[in-house]
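Colleague: What shape does this take:
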Amino acid sequence: MRPAAAAAGPGVPAVTLLRWDGAELVPAEEPDSRPDVVDSWLEHDGYVGSRHLHEERFAGSLPGIKVGDFLTAVRRAVPHEGNWFPRIEAHGQTLYLRVRPAPPLRTRTVLWVPPEPDPRVVPRVKGPDLPVLARLRAQAQEHGADDALLWSADGLVVEGANCALAWWEGDRLMVPEHPGQLPSVTVTATREMLDGVGQRPVTPTELRQYPVWAGSALHGWTEVVGWVGQDGTRLRAVTEPTPVSAAEVTTLLRWN
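Modeller: You can find the predicted model right below:
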C-alpha cells in the first residue's frame, strides 16, 4: 500500500484519505483495489448545492450497504472553509472519503469527438469506468480540448466523458436521450429549477448546430465554445445568446 496523503504543490493542501471503520472516519492507506462506486462534488465553505442528490446516487448504487452514518461523518470531515472537491468511494464493503482541494474551475469548454464509440462497461454507475474516462480526458487534452464527447455505436450522443450535455433549441433547454447515461446530478437539479427541460436523441453532427452546455458538479454548466473532430480538425461552435446564461444557472445550482 502507498501513503494516503500526498502534497498537491506549494501552498496547496494535501489530499487526505479516510476510511470508515463503522463508527468513525480514520486515517487510511491507499487501497490496492479500484473503487466500485464513487461520487464527488464541489464544496465551498461547507456548502454543497444538491448534496442530497449526490448522496442518494451513491447509496442507490450500493444496495445492501448502509451508508447513512458514513455520509453524516463525511459532512463533518470536509473542512468548512475554502474550496474542496471531496470524493466518496466504495471498495467492496469498505467506504472511504478522499478529501481533495478543488482544482481550478473553468467557465468555458472545448469538446473532442473521439473516433471510437463509448467504451464504458458499466455506464450507469460512477466508479468502474474511471480509468477509461481518465484516458479519454487525457486524449482530449492532447487534442487541445477539455473533455470528450461519448457517442454510441448507433451514432447517438450519450454524454461527455466527465460531464453532462445540454443544448438550447430556441428558448427550450434540451438534454440527450440515451439509455447508457450516468444519472446526472447536474441535470436532475437543473430540471428541478428550470421548467420545460426537454429530452430527445441527437447525433454529434446535429448537436453542433445548437448552443451547447457541458455540466458537472465541479464546474457547473459551462458554454461549449469549440469542438475538435475525430481527425483533430477544429470545428465551429454555436455561441449565440441563450434565454439564461450557463453562469447564471450555475450560480443558482451552487446556492440553491
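Colleague: CA atoms only for the top strand by length along the chain - export them in PDB, please.
Modeller: When the chain is parsed with DSSP state E, its longest strand is strand 220-228. Taking Å, rounded to 0.1, in the frame of the first residue of the first chain, the C-alpha atoms of strand 220-228 are listed here in PDB:
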ATOM      1  CA  GLY A 220     -21.300  23.700 -13.100                       C
ATOM      2  CA  TRP A 221     -22.700  24.500 -16.500                       C
ATOM      3  CA  THR A 222     -20.100  25.900 -19.000                       C
ATOM      4  CA  GLU A 223     -20.600  27.100 -22.500                       C
ATOM      5  CA  VAL A 224     -19.100  24.800 -25.200                       C
ATOM      6  CA  VAL A 225     -17.000  27.300 -27.300                       C
ATOM      7  CA  GLY A 226     -15.300  24.800 -29.600                       C
ATOM      8  CA  TRP A 227     -15.200  21.300 -31.000                       C
ATOM      9  CA  VAL A 228     -12.300  19.100 -32.100                       C
END
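Colleague: Give the partner strands of it in its sheet and their orientations.
Modeller: strand 108-112 (parallel), strand 212-216 (antiparallel), strand 234-235 (antiparallel) (DSSP bridges).
Colleague: That one: how far from the chain's middle?
Modeller: Counting by C-alpha atoms, centre = their mean, to the nearest Å, strand 220-228 is centred 14 Å from the centre of its parent chain.
Colleague: List the residues that contact residue 25.
Modeller: Each residue near residue 25 by C-beta atoms under 8 Å, 6 or more residues apart in numbering is listed here: 18, 19, 70, 73, 74, 77, 97. Backbone N, C-alpha and C define where each C-beta goes, glycine included.
Colleague: Any idea what the residue positioned nearest the centre of the chain is bridged to?
Modeller: Centroid check for the chain by C-alpha atoms, centre = their mean gives residue 216 as the closest residue, at 4.3 Å. Counting by DSSP bridges, residue 216 forms beta bridges with residue 220.
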